[in-house]
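Q: Dropping a prediction and its sequence here:
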Amino acid sequence: EAQVTQNPRYLITVTGKKLTVTCSQNMNHEYMSWYRQDPGLGLRQIYYSMNVEVTDKGDVPEGYKVSRKEKRNFPLILESPSPNQTSLYFCASSFKGGQFPYEQYFGPGTRLTVT
Amino acid sequence: SQQGEEDPQALSIQEGENATMNCSYKTSINNLQWYRQNSGRGLVHLILIRSNEREKHSGRLRVTLDTSKKSSSLLITASRAADTASYFCATDDNNDMRFGAGTRLTVKP
């Protein structure tokens, strides 16, 4: 089954404790992306990757890191989480049509709470 | 910053009625996409319309795009209770994907 998986689905942590949210897709997609969703703000892009070893900042990259060492995986790293990073996080992937991403497939989301 | 902005923020209709949602955006685009989200779950792609297209259909969905006005509309015909969800438009600003805040649609049985 074609899918994007994220782990963990729920996480409660404390300020400053490094964490990683994993994302994996089995569709051989070139493009992968991380979003955060906050009430009233819709989805905001954190980072995206056009292919292996190619990553770029989205709208809200501060406080986050990513890596793309393999095509299927795109982990999101919070080196020192803060309460303002409490949010619902989504990973997504798509084929890249020419230069631009096509329809995106979203993971089920990770609800992160930082106390 | 958000690119797309949906209007209205919330819409409540009776089953069988049509629902129209609008999206406005600020910069030039390559394509515009509409997504649906059931509460707290991942988004599901509905339809993509390219910048050189004016209208597209998929089942009960009809999307229009007016690049001169930088706006798009999503029409859901003969709505069903199962269409209750949030709907988002998304535009690509080069490879950045920008989503609006969404329209919350409630379809009453």
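A: Alright, I've got the coordinates. What you see is a predicted model, and the numbers here were worked out from it, not measured in a lab. Residues are numbered from 1 along each chain as shown, chains lettered A, B, ... in the order given.
Q: What parts of chain B come near chain A?
A: Applying CB under 8 Å from any CB of the partner chain, one finds that chain B approaches chain A through B:1-2, B:30-31, B:33, B:35, B:40-45, B:48, B:88, B:90, B:92, B:94-102. For the C-beta atoms, the positions are set from N, CA and C on the backbone; glycine is no exception.
Q: partners of whichever residue of chain A sits closest to chain B in the sheet?
A: With CB to the nearest CB as the measure, residue A:106 is the residue of chain A nearest to chain B, at 3.5 Å. Beta-bridge partners recorded for residue A:106 (DSSP bridges): residue A:92.
Q: mind checking pLDDT for residue 81?
A: Looking at chain A here, since you left the chain open. Residue A:81 is assigned 97 on the pLDDT scale.
Q: that's the wrong chain, I wanted chain B
A: At residue B:81, pLDDT is 96.
Q: before we move on, the earlier item: filter the residues of chain B next to chain A down to the buried ones.
A: Neighbour counting over the residues of chain B next to chain A (16 or more other CB atoms under 10 Å in any protein chain shown) leaves B:2, B:30-31, B:33, B:35, B:42-43, B:45, B:48, B:88, B:90, B:92, B:95-102 as the buried ones.
Q: list the contacts for the residue of chain A closest to chain B?
A: A:4, A:90-92, B:35, B:42-44 (CB atoms under 8 Å, 6 or more residues apart in numbering or on different chains).
Q: again, but for residue B:105
A: Here residue B:105 is in contact with B:10-13, B:19, B:21, B:76, B:79, B:83-87 (CB under 8 Å, 6+ apart).
Q: what's the answer for residue A:108, then?
A: Residues counted as contacts of residue A:108 (CB under 8 Å, 6+ apart) are A:5-6, A:9, B:41-42.
Q: Kindly report the same for residue A:78.
A: A:18-21, A:63-65, A:85.
Q: follow-up on the earlier one: and the contacts of residue B:105, which are buried?
A: B:11, B:13, B:19, B:21, B:76, B:79, B:83-87.
Q: Of those, which belong to strands?
A: Among these, DSSP state E puts B:11, B:13, B:19, B:21, B:76, B:85-87 in strands.
Q: Please name the nearest non-neighbouring residue to residue 58.
A: By default, I'm working from chain A. Using CB to CB, 6 or more residues apart in numbering or on different chains and skipping the chain neighbours, the partner closest in space to residue A:58 is residue A:45 (3.1 Å).
Q: The intended chain is chain B.
A: Leaving aside its sequence neighbours, residue B:58 sits nearest to residue B:47 (CB to CB, 6+ apart; 5.0 Å).
Q: For chain A, which residues are neighbours of chain B?
A: A:4, A:31, A:33, A:35, A:40-45, A:48, A:50, A:56, A:58-59, A:88, A:90, A:92, A:99-109, A:111.
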